[in-house]
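*Asks:* Got a sequence here, can you model it:
(2 chains)
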Amino acid sequence: MTTPASSATLSATRSLSAMDLLKRYGIWLVAAAVMLVLPKLFTSGAALTTMCLMGIMIVFSLSYNMLLGQTGMLSFGHAVYYGLGGFLAVHAMNGIAGGKLPIPLPVVPLVGGVMGLVFGVIFGAVSTRRAGTVFAMISLGLGELIASLSLILRGFFGGEEGITANRTKMLTLWGVRFGPQIEVYYLIAAWCFVCVIAMYAFTRTPLGRLCNAVRDNPERAEFIGYSTQMVRFITFCIAGFFAGIAGGLAAINFELMNAINVSGGQSGTVLLMAYIGGIGHFAGPILGAILVVLLQVFLSDLTGAWMLYFGLIFIAMVVFAPGGMAGLIMLHLPLAKRGNLHRILPWYGLMAIPAVLGLAGLIALIETAHHQLVKTATEGPAMKLFGLSYASNTVLPWLLALALIAAGLGLGRVWGPKFASAFSDAAHGSK
Amino acid sequence: MLELVIFSTLNGVLYGMLLFLLASGLTLIFSMMGVLNFAHASFYMLGAYFGFQISQWLGFWVALVVAPVLVGLIGAAVERWGLRTVHKWGHVPELLFTFGLAFVVEELVQMIWGKLPVDYRVPPLLDFPAFELFGTTYPAFRMFMLLISVAIFLVLLMILTRSRIGLIIQAALTHPNMVAMLGHNVPKVFMMVFGFGSGLAAIAGVIAGPALVTQPSMAHVLGPILFVVVVFGGLGSLPGAFIASLLIGLIQTFAIAINYSLGDVLTAIGMARPMQGVLSDLWQVTVAQVGPVVPYLMLVLILVFRPTGLMGTRES
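*Replies:* Have a look, this model is predicted:
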């Protein structure tokens, strides 16, 4: 999201060499290639489902970041547009299958998108009149409103069990029926690719730039002559559109939509994804979506306390790295430019010692506590962690875990400042 | 009908006063620090669980005193070592910090006390019917809850308007910089208010626990309603929060008692009720079912037409 000198780029556009073109668009080619090749590398069913979910969540969290990261609107009800888009897509799929309409499946996400857009227009008109806390509270109110309605209007939302559909009953083109998951993966990947490009392109338009102006300095934007309310409204509608597409993709992927998809929990998840990834950079929410889906899928297999880890990771991110993962990566940019990255590598090696000690202690503490409190009643106190077998109701493991945490914190406190000064030397000092 | 009105009013006022115990702390914290504390309802839940645990060991009356003090200390610690660290990043990270905290507290509570409701009983001393009206009894514990919450409301009012610390708090609400200039330790006042607000929430938890259900979802069920109260009354306005608490308490209680739907109204005025279509449910739902939706509708409407809330003077 840095601003290149636009006039210089304009005059240079005509004399772009093949090299420049590759430099500018190469990243998209790489992304497309990665998306094509991934299912060949990870062929298991679980991996394929995970990647489908990632594709959906990437679109969803990027659409959320149009609000939070780019326009500075903190929304607590973004799942409304995702969920409503998904529900309409499910109803559309059932309608198309029932009426034998000549509409193929790949178009269905667009139905979700249009639904998201329509509700974006309706709710945006009432909620984007103000920014800041008032906007956040209206979005929370609207989110809770729709979430409570979803349990009441059983005809549309299907109550607790939700509404199901069958994606294979659509018009088939070129023999693709979207029965197997791999075909759905490529559908999601294609939509994800197109949406990411569209949302990136949006950040480069004058409106996209205005969004940043409205986020950073609304008074000034008003003085230049732009209506900040209009900018917020349009962005809100577009974000609703992309969230609706994500919902439509989810409807196709799961062939099921239920009240959870419009709930406050889903709105919270997308906020976590965008924030953990980093709201200050376009690629941040992509990283966040990938990480959070990975955590949801794999951490929940590894440990029963995974939600606790999830919350702690989020808090740690907010406290120590408000720029998110993308922000952490961007911190290294000045170092890379000066060719100084190698100078801090030994420091990373050193800092890994307290980090590993502290984390191991924390994990041991949480796992032992989880076992003692939740599982001991049914399975007995014997447990295994890091390849060690011990009983959770003895004192020694607890003391060891606490000692590990203390050692990690102590060493971190001693080496941390030295690491920080070495880092800033490498970033700003001589080569 | 009269019976219904009297009991619904009693329950509504009681629920409203409980909401006010929570909302008063929340609105004070907001107006001083500018932070909408998502974890406020979590302190209420901690109060209920601490109250349950301590009353198992030492009895309800000890719990009523000790649990709020403990939760207040936790709240102060959260402000001192959590919020104050995040403060330098701005308001959004502060808010997200409390958001994450609410998440973690719920998980911890689930881990320690289990996912099912705990058996938090009314103390035997108060386990008798207070009075009988139209053949229906009203439990004494509910009267006790009402008494406690009204007493705390009065004490709070006295502290804020009559005591020296109350004056400093009131001044810090509107002119934090000036208060700091005058030599008061504003961060310390913040910490105390945060701890005190958490303690108030915990009192609500201890006394509401036996009457309502003590379970891990109690925080995120109540949390959004609290925001409605605080925003509807006007951010930072204690009288506003008081009116909004009672209003929402009464609306929610009365809604539960009314069993009519829009379709019934149509039938009453001689029109056929629509039975077809995906939205036909709209005509079938009763007021009782719509009850939970009403507060959010109120929130959206007041923010659209009067963003400062009922008695508020500022928007954010």
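
*Asks:* quick one, helices of the stretch 51-200 of chain B?
*Replies:* B:60-78, B:84-86, B:91-113, B:140-162, B:164-174, B:176-181, B:186-211 (DSSP state H, counting those that start in this stretch).

*Asks:* So A:Ala32 versus A:Gly284, what's the distance?
*Replies:* 20 Å (Cβ to Cβ, to the nearest Å). No exception for glycine: its C-beta is placed from N, CA and C like everyone else's.

*Asks:* Residue numbers of the stretch 1-150 of chain B in contact with chain A?
*Replies:* Contacts of the stretch 1-150 of chain B with chain A, taken as Cβ under 8 Å from any Cβ of the partner chain, map to B:36, B:82, B:85-86, B:89, B:92-93, B:95-97, B:99-101, B:103-104, B:107-108, B:111-112, B:114.

*Asks:* Whichever of those residues end up buried, select them in ChimeraX.
*Replies:* Selection of the buried residues among these in ChimeraX, burial being defined by 16 or more other Cβ atoms under 10 Å in any protein chain shown:
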select /B:36,82,86,89,92,93,95,96,97,99,100,101,103,104,107,108,111
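
*Asks:* Nearest residue to the middle of chain A?
*Replies:* Centroid-nearest residue in chain A, with Cα atoms, centre = their mean: A:Ala289, separated by 3.0 Å.

*Asks:* List phi and psi for that one.
*Replies:* In terms of degrees, to the nearest 10, the main-chain angles of A:Ala289 are phi -60, psi -40.

*Asks:* low pLDDT regions in chain B?
*Replies:* Applying pLDDT under 70 to chain B flags the ranges B:130, B:259, B:262-263, B:266, B:270-284, B:313-316.

*Asks:* Mind naming the longest helix for it?
*Replies:* The single longest helix within chain B, with elements called by DSSP state H, is helix B:2-33.

*Asks:* Stretch A:370-389: which residues count as buried?
*Replies:* Buried, per 16+ other Cβ under 10 Å, within stretch A:370-389: A:His370, A:His371, A:Gln372, A:Leu373, A:Val374, A:Thr376, A:Met383, A:Leu385.

*Asks:* what subset of those residues is also close to chain B?
*Replies:* Filtered for proximity to chain B (Cβ under 8 Å from any Cβ), the buried residues of stretch A:370-389 shrink to A:His370, A:Leu373, A:Val374.

*Asks:* B:Asp127 and B:Arg142 touch, don't they?
*Replies:* No - in this structure B:Asp127 lies outside contact range of B:Arg142 using Cβ atoms under 8 Å: 11.5 Å.

*Asks:* Could you check which of these two has the larger neighbour count?
*Replies:* B:Arg142 (17 against 12; other Cβ atoms under 10 Å in any protein chain shown).

*Asks:* Can you give me the neighbour number for residue 174?
*Replies:* All of this is about chain A. A:Trp174 has 5 neighbours, counted by other Cβ under 10 Å.

*Asks:* right idea, wrong chain: chain B
*Replies:* 13.

*Asks:* Kindly reformat the ones next to chain B among the buried residues of stretch A:370-389 as JSON lines containing pLDDT and secondary structure.
*Replies:* Converted to JSON lines, these look like this (pLDDT from 0 to 100; DSSP: H, G, I helix; E, B strand; the rest coil):
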{"residue": "A:His370", "pLDDT": "81", "secondary structure": "helix"}
{"residue": "A:Leu373", "pLDDT": "78", "secondary structure": "helix"}
{"residue": "A:Val374", "pLDDT": "76", "secondary structure": "helix"}
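
*Asks:* In which helix or strand does B:Ala219 reside?
*Replies:* Using DSSP states H and E, B:Ala219 sits within helix B:218-233.

*Asks:* quick one: buried residues of that helix?
*Replies:* Neighbour count says helix B:218-233 has B:218-220, B:222-233 buried, by 16+ other Cβ under 10 Å.

*Asks:* again, but for stretch A:155-167
*Replies:* A:Phe156, A:Phe157, A:Gly158, A:Gly162, A:Ile163, A:Ala165, A:Arg167.

*Asks:* and what of stretch B:173-186?
*Replies:* B:Leu173, B:Pro176, B:Val179, B:His184, B:Val186.

*Asks:* Name the residues that touch it?
*Replies:* Contacts to stretch B:173-186, defined as Cβ atoms under 8 Å, 6 or more residues apart in numbering or on different chains, come from residues B:Leu28, B:Ser31, B:Met32, B:Ile168, B:Ala171, B:Ala172, B:Val189, B:Gly236.

*Asks:* Please check those and keep the buried ones.
*Replies:* Buried residues within these, counting neighbours by 16+ other Cβ under 10 Å: B:Leu28, B:Ser31, B:Met32, B:Ile168, B:Ala172, B:Val189, B:Gly236.

*Asks:* now B:Leu73: how far from A:Met383?
*Replies:* According to Cβ to Cβ, B:Leu73 and A:Met383 sit 32 Å apart.

*Asks:* Could you do B:Pro124 as well?
*Replies:* Taking Cβ to Cβ as the measure, B:Pro124 falls 40 Å from A:Met383.

*Asks:* Would you mind listing the two of the buried residues of stretch B:173-186 that lie farthest apart?
*Replies:* Greatest spatial distance in the buried residues of stretch B:173-186: B:Leu173 and B:His184, 12.9 Å, computed using Cβ to Cβ.

*Asks:* Packing partners of the longest helix of chain B?
*Replies:* The contact analysis (3 or more Cβ pairs under 8 Å, 6 or more residues apart in numbering or on different chains; DSSP states H and E) places helix B:2-33 against helix B:40-57, strand B:129-133, strand B:136-139, helix B:140-162, helix B:164-174, helix B:186-211, helix B:218-233, helix B:238-257.

*Asks:* hmm, the longest helix along chain A touching chain B?
*Replies:* Identified as the longest helix of chain A according to DSSP H is helix A:395-428. No - on the criterion Cβ under 8 Å from any Cβ, helix A:395-428 is out of touch with chain B, staying 13.1 Å away.

*Asks:* from the chain's centre, how far out does that helix sit?
*Replies:* Its chain's average C-alpha position is 30 Å from that of helix A:395-428, according to Cα atoms, centre = their mean, to the nearest Å.

*Asks:* Excluding residues flanking it in the chain, which one is nearest the residue nearest to the centre of chain A?
*Replies:* Distances taken as Cβ to Cβ, 6 or more residues apart in numbering or on different chains put A:Met57 closest to A:Ala289, at 3.9 Å, once the chain neighbours are dropped.

*Asks:* How many residues are close by the one you found?
*Replies:* Using other Cβ under 10 Å, A:Met57 has 26 neighbouring residues.

*Asks:* Quickly compare the helices of the stretch 51-200 of chain B and say which is most buried.
*Replies:* helix B:186-211 (a mean of 24; mean count of other Cβ atoms under 10 Å in any protein chain shown).

*Asks:* Report the inter-axis angle for that one versus helix B:140-162.
*Replies:* With axes from the mean of the first three to the mean of the last three Cα atoms, to 10 degrees defining the directions, helix B:186-211 sits at 170 degrees from helix B:140-162.

*Asks:* where along the stretch 51-200 of chain A do the helices fall?
*Replies:* Under DSSP H, counting those that start in this stretch, the stretch 51-200 of chain A gives helices at A:71, A:79-99, A:108-127, A:132-152, A:154-157, A:181-204.

*Asks:* I'd like those as CSV, with mean pLDDT appended.
*Replies:* Output for those, formatted as CSV (pLDDT from 0 to 100):
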stretch, mean pLDDT
helix A:71, 89
helix A:79-99, 87
helix A:108-127, 89
helix A:132-152, 84
helix A:154-157, 75
helix A:181-204, 89
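
*Asks:* Make CSV from the ones you listed and add distance to A:Ser421 to it.
*Replies:* Formatted as CSV, these follow (distance: least, Cβ to Cβ, whole Å):
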stretch, distance to A:Ser421
helix A:71, 37
helix A:79-99, 44
helix A:108-127, 46
helix A:132-152, 37
helix A:154-157, 56
helix A:181-204, 35
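
*Asks:* Dump these into JSON lines; add distance to chain B as well.
*Replies:* Formatted as JSON lines, these follow (distance: least, Cβ to the nearest Cβ, whole Å):
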{"stretch": "helix A:71", "distance to chain B": "13"}
{"stretch": "helix A:79-99", "distance to chain B": "7"}
{"stretch": "helix A:108-127", "distance to chain B": "5"}
{"stretch": "helix A:132-152", "distance to chain B": "4"}
{"stretch": "helix A:154-157", "distance to chain B": "4"}
{"stretch": "helix A:181-204", "distance to chain B": "20"}
